[in-house]
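**Q** turn this into a model:
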Amino acid sequence: MTVPIVFLPGYLCDQRMYLAQAYDLSARHIVIQAPLLGERCEEMASNLLPNLPPRFALVGASLGGTVALEILRKSPERVKRLCLIATDVFPDAPNVSADREPLLVQARAGRFAEAVRATLPPDALAPGVGRAHVADTYADMAEGQGLAGFQIQTRAQQRRRDHQSTLYRAQCPVQIIAGQHDTIVTPKRQAFMAELAPWATFTCLPTAGHLPTLEDPGGVAAVLHDWLEATPKAA
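**A** Below you'll find the predicted structure:
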């Protein structure tokens, strides 16, 4: 049995985004579903670390991926493997950060559902009959976060740091998973991230966009199996 696997949910998401992968991996691995608690990514990481095992494999998507990078930055000796899904290693660009402000105003004005939908444009998901269901699942998870969660996580996105150096210093197997149709964090951007880490693998799923765990659950599970079985660089 490998070290426990810790799953960190994405922006406005909860543990439902990993249901298929957690179920698949739980037959052979200890699986931990961890929440994102705090107002900044650094605080979310600090709140998690005292409650995690001494060593663990870490899977983070979107905002959860940024928190995973914060955990790696703070305690690199504890992270034995790292997987980032639809995660941006760069901080919010000024124009992207500015574009989030009207959504915060919209949500506070009572148009919460409309603001949530705007955070995930339809073309950020793979085309096909499953697109609407994935978008509805995302909206349902975001509703569970509520207005307070929407505000906190949006501010956390705006304030996230540049983690290029964190990836550059990573001394564990790193897996980057992108969706070919992701327009929020493009595959090209994520492929560049994989070039930063000394021992990284990049996988782009052709049937997914910004939410690969929901759009291609089996494909993501297969990649995670390979990542967990990769021989560590050092004993």
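**Q** pull the contacting residues for the residue nearest in space to the middle of the chain.
**A** The C-alpha lying nearest the average C-alpha coordinate of the chain belongs to Ala61 (Cα atoms, centre = their mean; 0.9 Å). When contacts are counted by Cβ atoms under 8 Å, 6 or more residues apart in numbering, Ala61 touches Leu8, Pro9, Gly10, Cys13, Met17, Leu84, Ile85, Ala86, Thr87, Leu211, Pro212, Thr213. Using the backbone N, CA and C atoms, a C-beta is placed for each residue, glycine as well.
**Q** can you list the buried residues in stretch 32-43?
**A** Neighbour counts over stretch 32-43 (16 or more other Cβ atoms under 10 Å) mark Ile32, Gln33, Ala34, Leu36, Gly38, Arg40, Cys41, Glu42 as buried.
**Q** ok, the second one touching Phe7?
**A** Yes - using Cβ atoms under 8 Å, Gln33 is in contact with Phe7, at 5.2 Å.
**Q** follow-up on the earlier one: compile the contacts of Ala61 into JSON lines and extend it with columns for neighbour count.
**A** Listed next are the contacts of Ala61 as JSON lines, based on neighbours: other Cβ atoms under 10 Å:
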{"residue": "Leu8", "neighbour count": "28"}
{"residue": "Pro9", "neighbour count": "25"}
{"residue": "Gly10", "neighbour count": "26"}
{"residue": "Cys13", "neighbour count": "26"}
{"residue": "Met17", "neighbour count": "27"}
{"residue": "Leu84", "neighbour count": "31"}
{"residue": "Ile85", "neighbour count": "35"}
{"residue": "Ala86", "neighbour count": "28"}
{"residue": "Thr87", "neighbour count": "25"}
{"residue": "Leu211", "neighbour count": "27"}
{"residue": "Pro212", "neighbour count": "29"}
{"residue": "Thr213", "neighbour count": "29"}
